[in-house]
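Participant: Got a predicted structure plus its sequence, pasted below:
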Amino acid sequence: MKRTISISLGILFILAAIAGTRTAPPSPIRTAAQDAENLHREALVWDCHNDLAYRVLYEGLDIGNRLPGGQVDIPRMREGGMDVQVVALFIQNYLYPDKGARQAFQLLEAMTRNIEKNSASVELARTGADIERIVAAGKIAMPLAIEGGHAIEDRLDLLRTFHERGVSSMTLTHNISHGWADASAGEPRWNGLNDLGRKVIAEMNALGMVIDASHVSDKTFFDVIETSRDPIIFSHSGCRAVNPHRRNVSDDMLRALAKNGGVIGIVFELTFLSQEYAKAAQELRAISRPIFQKVPVIEDMDLRIAVEHLNQGREWPLEGKPTVEDLLDHIDHAVKIAGVDHVGLGADMYPRTPSPEGIRGAHDYGNITRGLKRRGYSDEDVKKIMGGNFLRIWKRVAR
């Protein structure tokens, strides 16, 4: 009996082994996931706005290390298949009118040194050709951008100096209307661009600097469109039709941007993505604002900026955060109105504030590719949104 059982088991093992050599039918779920992963690795992955420079200058951190509590550094970018990270040199609004350039140079020098320190992995990119060369070499390209035109202190010679030092784009305003352009926040001064503002646009065209209209007023945007001979961008904005935030872009602006040949980088900032979350944040800030207004202003500007940077994140609700699906809703709308050739990504993730659920940091950018495929985008269109469209702008403008 035992011998019979042994023979039977042996036959079963042989049959199982033979069956195991046959090609099993592929799992559709696994195939779709693998296809999305392969597509993400093939695509040029480009984020057009991040405040990494603040961590480098005010926290003294090295982007080559996995930074504590942050979203963007070289290890995370490598993990997420990132190819291009535009780093913003954000200039505090209260440094207007004559203290912005100093902070801009501090941030520029800190980022330049950190990029050089990590030259095996990243390289400063000034032009579209630089970006193609750096990415082809297996490195991450890092263009630098000034965020806030008050950094040039109303001087075209300073604009030229920043460009010579490696800055390839400039966000025309932040949240103040300064000496030559109106912002979307606060009271307008010029009803758009003034004469100096038009000279700034012409000089940026001449230099080959990318013009960024995020943060500007609607009237300033249309003045820029009328003045610039080159395509322009919104480096980090959302769609007003999805969430009527002042920083988001109207459908008329999206249509004008498409006609101009420009690109909008869809922002990840939580209050720009979701009206419900923005309302919750406003309620939370209304509670804390009267208390913080009683705190004496720090006179030392460098210390004040560092303390404010370290305090970021204290007024953001922890529940009801927007998700990657909310981000995809903004992408869908921008594609519907402007067309797929005019949409990209501009995260604006700040290291001390929360990010959308499903996008903890640069290491999760593959979730966007997967989400776009779920929503029916072709591989070619995914590649455009993930970075191809911004590459086209830099190749044409940043000469």
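Facilitator: Nice, thanks for sending it over.
Participant: Going by C-alpha atoms from here, please, whenever you check contacts or count neighbours.
Facilitator: OK.
Participant: Between the two ends of stretch 74-94, how far is it?
Facilitator: Distance between the two ends of stretch 74-94: 31 Å, counting by C-alpha to C-alpha, to the nearest Å.
Participant: which outside residues touch stretch 216-234?
Facilitator: Residues outside stretch 216-234 that contact it (C-alpha atoms under 8 Å, 6 or more residues apart in numbering) are 172-174, 181-185, 191-193, 198, 201-202, 205, 210-214, 253, 256-257, 260-265, 393, 397.
Participant: Counting neighbours, show which residues of it come out buried.
Facilitator: Buried residues in stretch 216-234, defined by neighbour count with 16 or more other C-alpha atoms under 10 Å: 216-225, 227-228, 230-234.
Participant: tell me the contacts of Pro143?
Facilitator: Contacts of Pro143 (C-alpha under 8 Å, 6+ apart): Val84, Gln85, Val86, Val87, Leu124, Ala125, Arg126, Gly166, Val167, Ser168.
Participant: How about Gly358, nearest residue that isn't a chain neighbour?
Facilitator: Of all residues not flanking Gly358 in the chain, Val324 sits nearest, at 5.5 Å (C-alpha to C-alpha, 6 or more residues apart in numbering).
Participant: what's around that neighbour, how many residues?
Facilitator: Residues within reach of Val324, counting by other C-alpha atoms under 10 Å, total 19.
Participant: what's the single longest strand in this structure?
Facilitator: strand 84-90 (DSSP state E).
Participant: chain center to whichever helix or strand comes after it, what's the gap?
Facilitator: Scanning forward in sequence from strand 84-90 by DSSP states H and E, the next helix or strand is helix 100-117. Here the centre of helix 100-117 is set off from its chain's centre by 19 Å, with C-alpha atoms, centre = their mean, to the nearest Å.
Participant: Give the next helix or strand downstream of helix 100-117.
Facilitator: strand 122-124.
Participant: Report the residue spans of the stretch 201-350 of the chain with pLDDT below the cut-off.
Facilitator: By pLDDT under 70, the stretch 201-350 of the chain contains no weakly predicted segment.
Participant: For it, which segments count as helices?
Facilitator: Assigned by DSSP state H, counting those that start in this stretch, the stretch 201-350 of the chain shows helices spanning 218-227, 251-260, 270-273, 275-292, 301-311, 324-338.
Participant: Select, out of the ones you listed, the one closest to Arg133.
Facilitator: helix 251-260 (27.1 Å; C-alpha to C-alpha).
Participant: so how far is Leu327 from the residue nearest the centre of the chain?
Facilitator: In the chain, the centroid-proximal residue (C-alpha atoms, centre = their mean) is Gly346; its distance is 2.6 Å. With distances taken as C-alpha to C-alpha, Gly346 is found 11 Å from Leu327.
Participant: overlap in contacts of the two?
Facilitator: Common neighbours of Gly346 and Leu327 (C-alpha under 8 Å, 6+ apart) are Ile266, Val267, Phe268.
Participant: Please name every helix or strand in contact with the longest strand of the chain.
Facilitator: strand 46-50, helix 52-58, helix 100-117, strand 140-142, strand 144-147 (3 or more C-alpha pairs under 8 Å, 6 or more residues apart in numbering; DSSP states H and E).
Participant: and that strand with helix 100-117, angle?
Facilitator: 150 degrees (axes from the mean of the first three to the mean of the last three C-alpha atoms, to 10 degrees).
Participant: CA atoms of strand 84-90 as CSV?
Facilitator: The C-alpha coordinates for strand 84-90 follow below in CSV (Å, rounded to 0.1, in the frame of the first residue of the first chain):
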residue,chain,number,x,y,z
VAL,A,84,13.9,67.5,-13.7
GLN,A,85,13.3,69.5,-10.6
VAL,A,86,12.9,73.3,-10.9
VAL,A,87,14.0,74.8,-7.6
ALA,A,88,12.4,78.1,-6.6
LEU,A,89,14.3,80.9,-4.9
PHE,A,90,11.4,82.3,-3.0
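Participant: Gly128 versus Ile368, what's the distance?
Facilitator: Taking C-alpha to C-alpha, one finds Ile368 at 24 Å from Gly128.
Participant: per-residue confidence for Ala33?
Facilitator: Note on Ala33: pLDDT of 88.
Participant: what about it, neighbour count?
Facilitator: Count around Ala33 with other C-alpha under 10 Å applied: 14.
Participant: and whichever strand or helix holds it, which residues are buried?
Facilitator: Per DSSP H and E: Ala33 is located in helix 28-42. Buried residues in helix 28-42, counting neighbours by 16+ other C-alpha under 10 Å, are found at Ala36, Glu37, Leu39, His40, Arg41.
Participant: Of the helices of the stretch 201-350 of the chain, give the one that comes closest to Asn93.
Facilitator: Nearest of these (C-alpha to C-alpha): helix 301-311, 10.8 Å.
Participant: and the angle from that closest one to helix 100-117?
Facilitator: Using the same axes, to 10 degrees: helix 301-311 against helix 100-117 is 60 degrees.
Participant: and helix 301-311, what other elements does it pack with?
Facilitator: So helix 301-311, by 3+ C-alpha pairs under 8 Å, 6+ apart, packs with helix 52-58.
Participant: Which is the succeeding secondary structure element to the helix it packs on?
Facilitator: helix 74-79.
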